[in-house]
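Trainee: what shape does this take:
(one chain, ligands or ions: 1)
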Amino acid sequence: MDEWQSVSNRKDSEEITVIEAKNLTKRFGKQLVFKDVNFTINDGDFISLIGPNGSGKTTLVRIMMGLEKKTSGELKMNHKRIGYVPQFRNIDLDYPLNIEQFVRLNLKFTLSPKRRKADNELIKTILTKTKLTQLKDRPLGLASGGEKQKAYLAQALLNDPKILILDESTASLDVEVKMQLMDLVAELNQKYNLTVIFITHDYELTKKYTTRALFFEDKTLKEVKVSDVSEDMFEMGS
Ligand SMILES: Nc1ncnc2c1ncn2[C@@H]1O[C@H](COP(=O)(O)OP(=O)(O)OP(=O)(O)O)[C@@H](O)[C@H]1O
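Mentor: Numbers count the residues shown, from 1 in each chain. Just a heads-up that it's a prediction; the model follows:
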């Protein structure tokens with residue numbers, strides 16, 4: 001069974017909890033970032049993580065990814081395979097890799113011909129899924145913003161993640177390009193039951209694509225219905 005097959009087989013599985021937080025608290029020194037945060041994220045959820053600047057969104061996902069320590073409480077991660085797509089940053093025009101070579105960076109080096117063949121198949125599948133096949137030879141530095149973000153997305157999918165974190169990945173992209181990227185993520189979410197956590201300041205995208213919203217306010221995290229999400233929830237930090 002190839003790795004994508006194993007993802008697609010999850011579609012029919014029962015709803016399972018992928019992340020559970022109980023009384024999760026984070027401080028940086030004397031600064032309290034959030035206190036007693038409780039939530040559950042299930043397989044196949046498309047979550048928006050929203051709140052003003054400095055409210056704790058990035059800190060929370062860094063704790064999820066094991067890059068930051070919690071101060072107290074519990075965070076149960078039932079799946080360790082997490083894909084991460086960063087915020088768009090420009091790449092030098094003379095960056096030496098093309099799109100396919102860039103996506104391959106996340107592969108483990110192997111001398112085994114069997115593994116290399118399997119890796120080639122995997123890359124082919126992922127380039128297809130992310131609609132990058134026609135663009136695979138384009139130097140990354142010459143790719144458009146949307147194409148670069150798709151390359152990051154493809155790289156994040158290499159280890160067959162159960163959870164995909166988009167960290168303001170659509171910021172600085174044109175509206176149409178944002179929508180294309182989100183359409184692709186929504187397709188992966190629906191076809192393969194991939195759990196998506198989307199950190200965003202984008203009201204329109206939150207409304208259009210996400211099925212649940214977690215909102216940082218007053219140093220805690222609340223679930224709000226996506227239909228109740230309002231533009232003021234994205235305003236500058238207090
Ligand atoms: N390593 C760190 N050391 C000290 N303070 C930190 C550190 N990382 C984040 N902070 C602080 O923790 C708070 C939460 O930051 P965080 O980056 O999680 O917010 P955010 O909601 O992601 O903000 P934004 O929307 O602006 O990206 C901020 O006050 C920030 O300055």
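Trainee: and residue 62, what does it touch?
Mentor: Residue 62 is in contact with residue 68, counting by C-beta atoms under 8 Å, 6 or more residues apart in numbering. Quick note: C-beta positions are derived from backbone N, CA and C, even for glycine.
Trainee: for it, helix, strand, or coil?
Mentor: With DSSP: H, G, I helix; E, B strand; the rest coil as the basis, residue 62 sits in helix.
Trainee: next: residue 197.
Mentor: Using three-state DSSP, the structure places residue 197 in strand.
Trainee: which residues touch it?
Mentor: Counting by C-beta under 8 Å, 6+ apart, residue 197 makes contact with 41, 47, 49, 61, 64, 163, 164, 165, 166.
Trainee: skipping its backbone neighbours, what lies nearest residue 100 in space?
Mentor: In space, and not counting its chain neighbours, residue 100 is closest to residue 136: 3.9 Å by C-beta to C-beta, 6 or more residues apart in numbering.
Trainee: before we move on, the earlier item: now the contacts of residue 197 in TSV, with neighbour count?
Mentor: Output for those, formatted as TSV (neighbours: other C-beta atoms under 10 Å):
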residue	neighbour count
41	22
47	24
49	27
61	20
64	20
163	25
164	24
165	23
166	27
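Trainee: please flag which of these sit within strands.
Mentor: Secondary structure assignment by DSSP state E places 41, 47, 49, 163, 164, 165, 166 of the contacts of residue 197 in strands.
Trainee: looking at it, the third one is touching residue 206, isn't it?
Mentor: In other words, residue 49. No - if you go by C-beta atoms under 8 Å, residue 49 and residue 206 don't touch, sitting 9.6 Å apart.
Trainee: give the contact list for the residue most central in space within the chain.
Mentor: Geometric centre of the chain, nearest residue: residue 165, 1.9 Å, by C-alpha atoms, centre = their mean. Applying C-beta under 8 Å, 6+ apart to residue 165 gives the contacts 61, 64, 65, 82, 83, 84, 85, 196, 197, 199.
Trainee: helices and strands of the protein: which one bottoms out on pLDDT?
Mentor: When the helices and strands of the chain are scored by mean pLDDT, DSSP states H and E, helix 3-8 comes last with a mean of 43.
Trainee: C-terminal to that helix, what's the next element?
Mentor: Remark: after helix 3-8, the chain's next helix or strand is strand 17-28, criterion DSSP states H and E.
Trainee: do any residues in that next one lie close to the ligand?
Mentor: Yes - Strand 17-28 reaches the ligand (C-beta under 6 Å from any ligand atom) through residue 28.
Trainee: what does that strand rub up against?
Mentor: Strand 17-28 has contacts (C-beta under 8 Å, 6+ apart) with 32-43, 45, 56, 59-60, 63-64, 68, 70-79, 162-163, 195, 221.
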